[in-house]
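Engineer: Quick one, what's the 3D model for this:
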Amino acid sequence: MTHIVRWLAALAVGTSIMAAQAQAQAPAPAFTPKDERVEDLPEGPGRDETFGMCTACHGYRLVSNQGMTRDKWDETLTWMTERHGMPDIQGADRTRILDYLATHHPPKAPARAGGFRNPFAPQ
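Structural biologist: Next up is the predicted model:
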């Protein structure tokens, strides 16, 4: 009887180990962003180039939620090139992309008065 109990315990431990190894070796699920189409962006010169460059690495919603000045967009492109391996965009292509970003994704307007007020802010 003890042999059967030991055998069942060993079988249970072995099965658990094999299941854990199989789970650890399973590939991570692939990132599947929501389908985005260039046609969903505001029309304008540079739309196709901007969409292509941005969505090569991340969803366009990340871009459209930013809202920056042209200078900040320019700094961001340089940062992505230097830090994240984005292809360097120069000349007319860079100008066209920066024009598009600055026109269609400018800084957000400040919140209107009457909204939340920080009670600890200086008066």
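
Engineer: Can you tell me how far W73 is from R83?
Structural biologist: 16 Å (CB to CB, to the nearest Å). Backbone N, C-alpha and C define where each C-beta goes, glycine included.

Engineer: which of these two has more neighbours?
Structural biologist: W73 (22 against 8; other CB atoms under 10 Å).

Engineer: check which helix or strand covers that one.
Structural biologist: helix 70-84 (DSSP states H and E).

Engineer: Give the rounded mean pLDDT of that helix.
Structural biologist: For helix 70-84, the mean per-residue pLDDT is 95.

Engineer: which residues sit in contact with the closest residue to H84 other than its chain neighbours?
Structural biologist: Counting by CB to CB, 6 or more residues apart in numbering, the nearest residue to H84 once its immediate chain neighbours are dropped is C57, at 7.2 Å. For C57, the contact set (CB atoms under 8 Å, 6 or more residues apart in numbering) comprises M80, H84, M86.

Engineer: The last one: what's it in contact with?
Structural biologist: Okay, so that is M86. M53, A56, C57, L77, M80.

Engineer: In three-state terms, how would it be classified?
Structural biologist: Following DSSP: H, G, I helix; E, B strand; the rest coil, M86 is assigned to coil.

Engineer: Wait, M68 touches H105, no?
Structural biologist: Yes: M68 lies in contact with H105 (CB atoms under 8 Å); the separation is 7.0 Å.
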